[in-house]
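from the sequence below, what's the structure:
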Amino acid sequence: MMRIKLLATPAIIILLFSLGFSLRRHPAHPPIENTSIWQNYEQYKEPAIQHRMVKHADMQPLITKHVSSGLLRSSVIGSSVQGRDIHHLIAGEGKIKVLLWSQMHGDESTATMAMFDIFNFLAAKDDNDRFRQLLKEKLELHFVPMVNPDGAEVWKRRNAMDIDINRDARSLTTPEARLLMKVADDIKPRFGFNLHDQNILYSVGSSAKPATISFLAPAYNHTREMNEVRQDAARLIVVMNHTLQKLIPDQVAKYSDAHEPRGFGDTFQKKGISTVLIESGGYQKDTQKQYIRKLNFYALLSALHAIASNGYENENVEEYFAIPDNGRSLFNLVVRNAEINNENLRYRTSLGINYSTTVNVSERRFNYRGVIEELGDMQNNYGYDEVDAGSLVSLPGKVITMTKTEWEKLSLESEAQLLKQGYLYIRFSDQRSPTGPLQNRLLNLVNGASTGARPPGLYQYPNFILAPPEGRPKYAVVNGFLVDLSKEIRPLPNTYGY
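Numbers count the residues shown, from 1 in each chain. Next up, the predicted model:
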């Protein structure tokens, strides 16, 4: 009997070790799921920020609020090219230092919005006190929101010198890059979060799902080795991926890890700062990125808790590599199998339509212009919006003539009725009509003889009707936006004056 027990003991040890390893590889759920943080988000969301075109002036009263309350310790570490203050904000009294910075690119603001939501969470008192207290006791959080305030002011990627700050970590030509580098060198953080936005047309691999959030543990050398510093960044990403999968299943991807020695993420990783890149992409019907803002808020808090509790150490780096790569299979609109009549040619094919974007900075408004960027086999491509036109024919839109005054008095309901009759354009009878984006409309304006009456073609502006042969219009494509004529018709983001 004694021998049997002695032989069984190693087996039991191996079994227990294997069980422990299995649990380590597959945690039941992130600790943040034991809280009501997601459900209570509206209590933490900063109400002063409702639009993604955040500007430097929008932040100042919010920073003052949290400094006055004692939550944040603040210093102005310097100024941008055009003289706007760049802030270094500190929260928490812990020994583990974490640096988070956002909006190095002026037109990438999702994480900036989320930062101010995090400040409100840290300032709150509710049933999540235990969670927030752990962060405050274990971590010293350093925030540099809006590294590029000059770019944010005019909603452009680069700074006022037209230099990409995130490609200036080596030369340090820009004052903004020098300031961020100085903060890192002074505080020597253990972890860093490099917070960005990416093109909404990135997909998860070759799937139809948008890459709503993409992660990267940047490479510190060209051979993309995985030392302990980079592995810890990858483990944090595994934590955040577990956190997000229940909210956006199969909509998390991995950004390319090609080494960029000019980039801050790669440089900080080489310095020994475990650095995570977060790229906020697209989500259906979320043009202002308010839902993605919430995802950033939640994922960042989950990662901070993992750092404070050392929970990230239990994650398996192989799960990081299992996250699908970013792909490019998405379009804004895909029209499948439409019949096109082009002179003596009649054929069915599919169209991929994307929007170029311009910005009205003073009104904080985005304007869109559709263009047909693909024509042909699109079996492996997908759209945020799609329509199967397999039984339909594409037709040019008709033109109706009226005076400018009549157009100004035209109601949305009247425009919708014209759209259902196959009209896509209005021509003024008494003067030239304006060109460029038109707000709160359904029909385009046109001058002269040009009506866009050509059949849909590559690189053309997409304005056409889809109807059954000899039947009434079923869909309209106006400036690249799909309108289902059988449903309630709302104003488009913008039509166009040609």
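
any weak-confidence spans in this protein?
1-28, 449-452 (pLDDT under 70).

where do the helices sit along it?
Using DSSP state H, the helices of the chain run over 2-25, 41-44, 56-69, 110-123, 129-138, 149-154, 175-187, 228-245, 264-271, 290-308, 317-321, 404-409, 412-420.

any buried residues in the second one, and which?
So the one you mean is helix 41-44. Residues of helix 41-44 classed as buried: Y41, Y44 (neighbour count, 16 or more other Cβ atoms under 10 Å). From N, CA and C alone the C-beta is placed, and that goes for glycine too.

mind giving me the packing neighbours of it?
helix 110-123, helix 290-308 (3 or more Cβ pairs under 8 Å, 6 or more residues apart in numbering; DSSP states H and E).

so the first one versus helix 290-308, what angle?
Taking axes from the mean of the first three to the mean of the last three Cα atoms, to 10 degrees, helix 110-123 and helix 290-308 form an angle of 60 degrees between their directions.

domain assignment for this protein?
32-327, 330-497 (automatic domain parsing).

just those: most buried one?
Highest mean neighbour count of these: domain 32-327, a mean of 20 (counted as mean count of other Cβ atoms under 10 Å).

so how far is that one from its chain's centroid?
Here domain 32-327 is found 12 Å from its chain centre; the criterion is Cα atoms, centre = their mean, to the nearest Å.

quote the end-to-end distance of it.
One end of domain 32-327 to the other measures 29 Å (Cα to Cα, to the nearest Å).

next one: stretch 339-346
7 Å.

how about residues contacting it?
Y347, R348, T349, A389, L392, V393, S394, P455, P456, G457 (Cβ atoms under 8 Å, 6 or more residues apart in numbering).

surely the second one meets L375?
Read it as R348. No: at 11.5 Å, R348 and L375 do not qualify as touching, with contact defined as Cβ atoms under 8 Å.

ok, back up a step: show me the two of the contacts of stretch 339-346 that sit farthest apart.
L392 and G457 (17.4 Å; Cβ to Cβ).

on that earlier part again, present the helices and strands packed on helix 41-44 as JSON lines; the columns should include distance to I465.
Listed next are the helices and strands packed on helix 41-44 as JSON lines, based on distance: least, Cβ to Cβ, whole Å:
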{"stretch": "helix 110-123", "distance to I465": "37"}
{"stretch": "helix 290-308", "distance to I465": "33"}
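
select, out of those, the one closest to Q50.
Per Cβ to Cβ, nearest to Q50 of those: helix 290-308, 7.8 Å.

if I pick the nearest residue to L247 once chain neighbours are set aside, what's in contact with it?
Nearest residue to L247 in three dimensions, chain neighbours excluded: L295, at 6.5 Å (Cβ to Cβ, 6 or more residues apart in numbering). Neighbouring residues of L295 by Cβ under 8 Å, 6+ apart: T212, I213, L244, L247, I248, S280.

which pair in the residues you listed has the greatest spatial separation?
It's L247 and S280 that sit farthest apart of the contacts of L295, by Cβ to Cβ, at 13.7 Å.

circling back to that earlier point, can I get the contacts of stretch 339-346 in TSV with distance to S302?
TSV is the format used below for these (distance: Cβ to Cβ, whole Å):
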residue	distance to S302
Y347	51
R348	48
T349	45
A389	43
L392	46
V393	51
S394	47
P455	51
P456	45
G457	48
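
gap between stretch 491-498 and the chain center?
The answer for stretch 491-498 is 24 Å, by Cα atoms, centre = their mean.

first-to-last residue distance for it?
19 Å.

how about stretch 485-498?
In stretch 485-498, first residue to last residue: 23 Å (Cα to Cα).

got the contact list for that stretch?
Outside stretch 485-498, the residues that touch it by Cβ under 8 Å, 6+ apart are 287, 366-369, 412, 416, 419-420, 425, 433-447, 450, 452, 461, 473-476, 478-479, 481, 483.

residues in contact with F366?
T287, T357, T358, V359, N360, P493.

from N296, how far off is it?
Using Cβ to Cβ, to the nearest Å, we find F366 at a distance of 20 Å from N296.

go on, S429?
51 Å.

also R235?
In terms of Cβ to Cβ, R235 sits 19 Å off from N296.

residues contacting the residue nearest to R170 when sequence neighbours are not counted?
Using Cβ to Cβ, 6+ apart and skipping residues adjacent in sequence, the residue nearest R170 is R262, 5.0 Å away. By Cβ under 8 Å, 6+ apart, the residues touching R262 are N166, R167, D168, A169, R170, S171.

hmm, the fourth one is touching A177, no?
Yes: in terms of Cβ under 8 Å, A169 counts as a neighbour of A177; the distance is 6.4 Å.

now do the shared contacts for the two.
Contacts common to A169 and A177, judged by Cβ under 8 Å, 6+ apart, are F264.

thinking again about what came up before, from the contacts of stretch 339-346, which is closest to H142?
Using Cβ to Cβ, the contacts of stretch 339-346 come closest to H142 at P456, 52.2 Å.

about what we covered before: dump the contacts of F366 into TSV; add distance to E313 as well.
Formatted as TSV, these follow (distance: Cβ to Cβ, whole Å):
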residue	distance to E313
T287	39
T357	42
T358	47
V359	44
N360	48
P493	46
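
just the ones of those residues in strands?
T357, T358, V359, N360 (DSSP state E).

and the two most separated of those residues?
Spanning the widest gap among the ones in strands among the contacts of F366 are T357 and N360, at 10.8 Å by Cβ to Cβ.

need the residues touching each of those two.
With Cβ under 8 Å, 6+ apart as the test, T357 and N360 both reach F366, N367.

contacting residues around the closest residue to A476 other than its chain neighbours?
Closest residue to A476 apart from its sequence neighbours, by Cβ to Cβ, 6+ apart: V483 at 4.4 Å. Contacts here follow Cβ under 8 Å, 6+ apart; on that basis V483 touches L419, L442, Y475, A476, V477, I489, L492.

and what of P462?
Counted by Cβ under 8 Å, 6+ apart, P462 has contacts L333, L351, I353, G370, V371, I372, P456, V477, N479, G480.

make JSON lines out of these and add distance to L300.
Formatted as JSON lines, the contacts of P462 follow (distance: Cβ to Cβ, whole Å):
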{"residue": "L333", "distance to L300": "32"}
{"residue": "L351", "distance to L300": "39"}
{"residue": "I353", "distance to L300": "34"}
{"residue": "G370", "distance to L300": "35"}
{"residue": "V371", "distance to L300": "36"}
{"residue": "I372", "distance to L300": "39"}
{"residue": "P456", "distance to L300": "43"}
{"residue": "V477", "distance to L300": "39"}
{"residue": "N479", "distance to L300": "36"}
{"residue": "G480", "distance to L300": "34"}
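
closest to K138 out of those residues?
Out of the contacts of P462, the member with the shortest distance to K138 (by Cβ to Cβ) is L333, at 47.5 Å.
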